[in-house]
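Participant: give me the fold of what follows.
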Amino acid sequence: MTATLVRQMAPAAPWCRRLALFSLVLLIVSGASHRFGLLETVPFLWLLGLGGALAFVAFMLGVMALLQVWEHGSLGAAMAAGGMVIAAIALVPFGISGYRFFEHPQLIDISTDPENPPQMPLAARARSGVMNAVEPMSAESQAMQQQDYPEVTGRRYEYTADNVIEVVRAMMRERGWQPQGPEGLQLAGASVTLEGVAHSYLLGFPSDVAIRIEDDQAATFVDMRSASRYGRHDLGDNAQRIQRFLKELDERMAFLAPV
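Facilitator: Residues are numbered from 1 along each chain as shown. The predicted structure follows:
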């Protein structure tokens, strides 16, 4: 009789591909559901952690499968390599978040006026449970912001406060922030604050925003605040949101006739 050697499949290879595919699908479906408001943030965070953990396990199983192929001549190298690629794709957002975690200061509340930030009474009433409380910025947080985000500053415009309020309200509506607050200033020298809820572009994490428009009769001052509802690090999102909003506000105000 002639013996025939049959090469066995590396046991870790099929599991690598299965877990990698499952983790990627889980992250895509849960991320899209959260982005479009079909899934609450806390359950999404659990699913996000589970998907990341499964993707990491899948990648390590791929490494194990390749070692089995190398040491025992088993089949499954292509399967393991494909699973590792899928797992790596699933882990890319975690890698980007990790980079931003170390790149930006550990802040969750940013304001153009750290010592006297715009008030957020509506946000304070809306937050509960595991959400971050709306609190005054600590001296440590103020120092960190001034050191890392010196460009986050308020604006002074030589336009009527009502004109500025109209532009700000329109910009908030365009972004889907649903502004809430007075329509205009009732008295010269007064101020109004418009509040809304912004969401991160990709995964839709919510942050409360407040924009204060103040009239001192000679000019109109604008200050903005953005505070994350969840987490202990905003990964730079709040500062970026303020900078982008105020940059566009500068551009729009340039087209108005000064008072």
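Participant: can I take it that L194 is in a strand?
Facilitator: Yes. Secondary structure assignment (DSSP: H, G, I helix; E, B strand; the rest coil) places L194 inside a strand.
Participant: who does it form a beta bridge with?
Facilitator: Beta-bridge partners recorded for L194 (DSSP bridges): I211.
Participant: which residues does it contact?
Facilitator: L194 is in contact with 165, 168-169, 172, 179-181, 210-211, 213, counting by C-beta atoms under 8 Å, 6 or more residues apart in numbering. (C-beta placed from N, C-alpha, C; glycine too.)
Participant: which neighbouring elements make contact with the helix or strand hosting A20?
Facilitator: Of the helices and strands defined by DSSP states H and E, A20 is found in helix 12-35. Judged by 3 or more C-beta pairs under 8 Å, 6 or more residues apart in numbering; DSSP states H and E, helix 12-35 is in contact with helix 41-72, helix 77-103.
Participant: what comes up buried for the shortest one?
Facilitator: So the one you mean is helix 77-103. By 16 or more other C-beta atoms under 10 Å, the buried positions in helix 77-103 come out as 77, 79-84, 86-87, 90-91, 93-94.
Participant: what's the most distant pair in those?
Facilitator: Farthest-apart pair in the buried residues of helix 77-103 is A77 and P93; separation 27.2 Å (C-beta to C-beta).
Participant: residues contacting the nearest residue to Q180 once chain neighbours are set aside?
Facilitator: Once flanking residues are discounted, Q180 sits nearest to E195: 5.2 Å by C-beta to C-beta, 6 or more residues apart in numbering. E195 makes contacts with 120-123, 179-181, 208-210, as judged by C-beta under 8 Å, 6+ apart.
Participant: what do you get if the cut-off is 7 Å, keeping everything else the same?
Facilitator: Residues in contact with E195 (C-beta atoms under 7 Å, 6 or more residues apart in numbering) are 120, 122-123, 180-181, 208-210.
Participant: next: A55.
Facilitator: Neighbours of A55 in contact, by C-beta under 7 Å, 6+ apart: 20, 23, 87, 90-91.
Participant: Throw these into CSV and include pLDDT and distance to R127, thanks.
Facilitator: What follows is the contacts of A55, written out as CSV (pLDDT from 0 to 100; distance: C-beta to C-beta, whole Å):
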residue, pLDDT, distance to R127
A20, 97, 37
S23, 97, 31
A87, 97, 36
A90, 96, 31
L91, 97, 31
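Participant: so which of the residues you listed is the closest to G51?
Facilitator: Nearest to G51 out of these is S23 (C-beta to C-beta; 4.9 Å).
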